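Q: coordinates only, no sequence provided:
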C-alpha cells in the first residue's frame with residue numbers, strides 16, 4: 001500500500017544532499033545563515049519534494065503523506081549528522097577549558113592557540129606513522145587520513161565556490 005511513498009522517501013538523504021549543494025552553489029547569501037538553520041531548510045525542501053513527487057505519481061494522499069513522513073525522518077537524521085560536527089567542536093573547546101583550569105573570562109584564543117594545537121598534534125601524528133618528515137616537510141602517508149583529506153577536499157569543492 002505504501003510502496004511508492006516509501007521508495008521515494010528512502011531517497012531523501014540523496015535529495016537532501018543535492019538540495020544542500022544547490023542551495024550553497026546558487027544562493028550566495030546561504031553562507032550567512034547558521035548551518036543548523038540551513039540544514040533544517042534543506043530537510044524541509046526534501047520533504048516537500050518527496051510529498052509532491054509521490055503525489056504526482058500516485059495521486060494518493062495517504063501515500064504522499066507516508067513519503068513525506070519517511071523523508072522527514074531521514075531529514076531529521078541528516079540534520080543531526082551535520083549538527084554533530086558543530087557539537088563535537090564545542091565540546092572539545094569546553095574540555096580544553098576545564099583541563100587548563102580557565103574561567104569564562106579567559107579568551108579561547110589564548111588557551112587554544114595555533115602553536116598549542118600543532119605542538120600537541122604533530123608528535124601524535126608522527127608516532128602513529130600518519131605523517132612523515134621528508135626533506136624538512138611533513139607528508140601524509142597512505143592510509144585513512146589521506147583518504148579523509150581527499151574526501152573532505154572533494155566535499156568542500158561541492159559546497160564552496162572558490
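A: Great, that's in hand. Everything numeric here is computed off the predicted structure, so don't read it as measured data. Residues are numbered from 1 along each chain as shown.

Q: buried stuff in stretch 79-99?
A: Buried residues in stretch 79-99, counted by 16 or more other C-beta atoms under 10 Å: 79, 82, 96, 97. The way it works is simple: take the backbone N, C-alpha and C, and place the C-beta from them, glycine included.

Q: any idea how far residue 128 lies from residue 145?
A: Distance of residue 128 to residue 145, given as C-beta to C-beta, to the nearest Å: 9 Å.

Q: circling back: just the buried residues of stretch 79-99: which are in helices?
A: In this view, those that belong to helices under DSSP state H are 79, 82, 96, 97.

Q: quick one, helices of the protein?
A: Going by DSSP H, the chain shows helices at 3-10, 12-26, 35-58, 61-100, 108-111, 114-127, 144-159.

Q: and the longest one, what does it pack onto?
A: Packed against helix 61-100 by the contact rule (3 or more C-beta pairs under 8 Å, 6 or more residues apart in numbering; DSSP states H and E) you find helix 3-10, helix 12-26, helix 35-58, helix 108-111.

Q: what angle do helix 114-127 and it make with each other?
A: Counting by axes from the mean of the first three to the mean of the last three C-alpha atoms, to 10 degrees, helix 61-100 points 100 degrees away from the direction of helix 114-127.

Q: from the chain's centroid, how far away is helix 61-100?
A: Mean-position distance between helix 61-100 and its chain equals 9 Å (C-alpha atoms, centre = their mean, to the nearest Å).

Q: more neighbours, residue 128 and residue 145?
A: residue 145 (14 against 11; other C-beta atoms under 10 Å).

Q: what sits against the nearest residue to that one once chain neighbours are set aside?
A: For residue 145, ignoring the flanking residues on the chain, the nearest one in space by C-beta to C-beta, 6 or more residues apart in numbering is residue 130 at 4.9 Å. Taking C-beta atoms under 8 Å, 6 or more residues apart in numbering as the criterion, residue 130 is in contact with 140, 141, 143, 145.
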